[in-house]
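Student: structure, please.
(one chain, ligands or ions: 1)
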Amino acid sequence: MGLLSITCLNSPLLVLLWVSSLVVIETEDQQAFKVQPRNITVRAGALLVLRCEVLRPSGTVQWVKNGLILGPQRSLPGYPRYHMVGDHERGQYHLQIKDAQLEDDGPYECQVGQSESSRAIVSHTVWINVQSEQNHWRSSGGGGVWVMLL
Ligand SMILES: *[C@@H]1O[C@H](CO)[C@@H](O)[C@H](O)[C@H]1NC(C)=O
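Tutor: Numbers count the residues shown, from 1 in each chain. Reported below is the predicted structural model:
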């Protein structure tokens, strides 16, 4: 339709209008991050949450750990301590990790897949740093005596 009227009227203004309406359609549906995750340092055993909130989500939201996709379900199979939490209606897909372990250390990304109306987007890469109890006591400046008493 657009092409037809352009060739008939041969007007540069019409071409411009036609192109700009396409751009508007794309940005209206384009998904974007409202909240991105941040680096976090926790003690072993702690509960932690990496935040991810998406505006106009239309693709599948998944977390990626160390380059490995964790899956689209809220309750992530194979990762009993990991859950996607938050209000789905508001585009919240926070990654909650219970009882943090050293194996949770590493880089994470929140990834939203492409859909018919939007291209895919990927958050910053953030790091979870889990400190063992030992490191915690050492870094809190307890000193040798403290450690021996424990
Ligand atoms: C997050 O941590 C990584 C690795 O330690 C570092 O390279 C990056 O700059 C940090 N990002 C921010 C925003 O602090």
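
Student: ok, R38 to the ligand distance?
Tutor: Relative to the ligand, R38 is positioned 7 Å away (C-beta to the nearest ligand atom, to the nearest Å). Just so you know, the C-beta spots here come from the backbone N, C-alpha and C atoms, and that holds for glycine as well.

Student: got the residues of this protein near the ligand?
Tutor: Residues of the chain lying close to the ligand by C-beta under 6 Å from any ligand atom are N39, V126, W127.

Student: just the buried residues of those residues.
Tutor: Buried members of the residues of the chain next to the ligand, scored by 16 or more other C-beta atoms under 10 Å, are V126.

Student: so of the residues of the chain next to the ligand, which ones are in strands?
Tutor: In strands, defined here by DSSP state E, the members of the residues of the chain next to the ligand are V126, W127.

Student: adding distance to Y82 and pLDDT, write the residues of the chain next to the ligand out as CSV.
Tutor: Below are the residues of the chain next to the ligand laid out as CSV (distance: C-beta to C-beta, whole Å; pLDDT from 0 to 100):
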residue, distance to Y82, pLDDT
N39, 18, 98
V126, 15, 98
W127, 16, 98
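
Student: closest to D99 among the residues of the chain next to the ligand?
Tutor: Nearest to D99 among the residues of the chain next to the ligand, counting by C-beta to C-beta, is W127 at 18.7 Å.
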